[in-house]
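Chemist: next one to model:
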Amino acid sequence: MTAPSDSAARELDANGSCVSPKGRILGMVARGTSLAHVLDGLCRLVEAQAPEVLASVLLLDGDRLRHGGAPSLPKAYVDAIDGAVIGPTAGSCGTAAYRAQQVIVSDIATDPLWADLREVALTHSLRACWSTPIFSAAGSVIATLAMYSREPRSPSQRDQHIVEHITHLAGIAIQRKLDEDKLRDSEDQWRAVFENTPTMYFVVDAGGTIVSVNPSGAQQLGYTVDDLVGRSVLDVVAAFERACGRRITRTLAPRRPGDVAAYYADPARAEKVLGWRATRGLDAICADAWRWQQNGGKY
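Modeler: Now for the predicted structure:
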């Protein structure tokens, strides 16, 4: 019997082109399909290539394994092992995650690794289980792939070949989800700082248009966020031109070597220390500044 390959079983995609099962799974990952659906798809791929087994993926969460995908296992069994603690004698999956190496149990009824979970497995006619850890890009265990048999036996060479391919695909999918979660957490942290700090923050694009401003910054200038977003920093130049009645010569150019890349100001400190607070709009501020200059620096 030959081992499965990408060319062994192909499907047609929506455009009528051939796509391998591996390509279909990677396509799901690229499209942002939920991890649960991707893992179920991986389990079904295992079961299609090895019809005599039932597949599952458990995700490592601290020192516990959580349900990831197991479309063909009895729900009562899936619920019973969800959240199981990993350890040196924690069934096939818990032990594989603990050891960071494959664990093969050919007979659940007699193997000491299944002492605590034996009854629930045998109740659902699960007699053998081979579990392989799935690793992150950094080399740490992030999940396990299990293949169950309803008969006592060890995995065949074909089964091991399937495991090798599926754990690789699962690693890609799970790592993508971990990276997305990490990015989302980072964005949430930045958003919390941006929204709540008393320091004025502006984000402008290459053309000088304001794309974001925090509420505190807008309030300190006497505007709302909506008033400022979409406006250009050149609005200040235009307002000053209106105040002085003449065109201001200007040139837009890239930052020069040595120029400061970013400026930060804390108007809240000016208010706290000096009692200064912006109460006028941009045109009034520029008109006042021009009047001050015309009067030789005196009001």
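
Chemist: any regions of the stretch 151-299 of the chain where pLDDT drops low?
Modeler: Judged by pLDDT under 70, the stretch 151-299 of the chain has its weakly predicted residues at 220-222, 252, 261-268, 297, 299.

Chemist: ok, which stretches of it are strands?
Modeler: 202-204, 210-213 (DSSP state E, counting those that start in this stretch).

Chemist: please enumerate the helices of the stretch 1-150 of the chain.
Modeler: 21-30, 35-49, 75-81, 91-99, 118-123 (DSSP state H, counting those that start in this stretch).

Chemist: what about those, which gets the closest to residue 228?
Modeler: Among the helices of the stretch 1-150 of the chain, helix 21-30 comes nearest to residue 228, with 36.9 Å by CB to CB. Heads up, the C-betas are built off the backbone N, CA and C, glycines and all.

Chemist: using CSV, list the CA coordinates for that closest one.
Modeler: What follows is helix 21-30, C-alpha atoms only, in CSV (Å, rounded to 0.1, in the frame of the first residue of the first chain):
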residue,chain,number,x,y,z
PRO,A,21,-6.5,18.4,-0.1
LYS,A,22,-3.4,20.2,1.3
GLY,A,23,-4.1,23.2,-1.0
ARG,A,24,-7.7,23.3,0.2
ILE,A,25,-6.7,23.4,3.8
LEU,A,26,-4.1,26.1,3.2
GLY,A,27,-6.7,28.0,1.2
MET,A,28,-9.0,28.0,4.3
VAL,A,29,-6.1,29.3,6.4
ALA,A,30,-5.3,32.1,3.9
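
Chemist: numbering from 41 from now on, please.
Modeler: Got it, the first residue is 41 from now on, which makes the last one we talked about helix 61-70.

Chemist: which strands or helices does the longest helix belonging to the chain pack on?
Modeler: Longest helix of the chain, by residue count under DSSP state H: helix 197-236. If contacts are counted by 3 or more CB pairs under 8 Å, 6 or more residues apart in numbering; DSSP states H and E, helix 197-236 sits against helix 61-70, helix 75-89, strand 93-101, strand 168-175, strand 181-189.

Chemist: give me the neighbour count for residue 229.
Modeler: Residues within reach of residue 229, counting by other CB atoms under 10 Å, total 10.

Chemist: so where is the stretch 41-190 of the chain shaky, pLDDT-wise?
Modeler: Using pLDDT under 70, the stretch 41-190 of the chain drops low at 41-61.

Chemist: mind redoing it with 80?
Modeler: 41-66, 69-70, 72 (pLDDT under 80).

Chemist: could you report the neighbour count for residue 108?
Modeler: 26.

Chemist: for the nearest residue to it once chain neighbours are set aside, what are its contacts?
Modeler: Excluding its sequence neighbours, the residue lying closest to residue 108 (CB to CB, 6 or more residues apart in numbering) is residue 97, at 3.9 Å. By CB atoms under 8 Å, 6 or more residues apart in numbering, residue 97 lies in contact with 79, 82-83, 108-110, 174, 183-186, 210.

Chemist: what about 6 Å?
Modeler: 79, 108-109, 183, 185, 210 (CB atoms under 6 Å, 6 or more residues apart in numbering).
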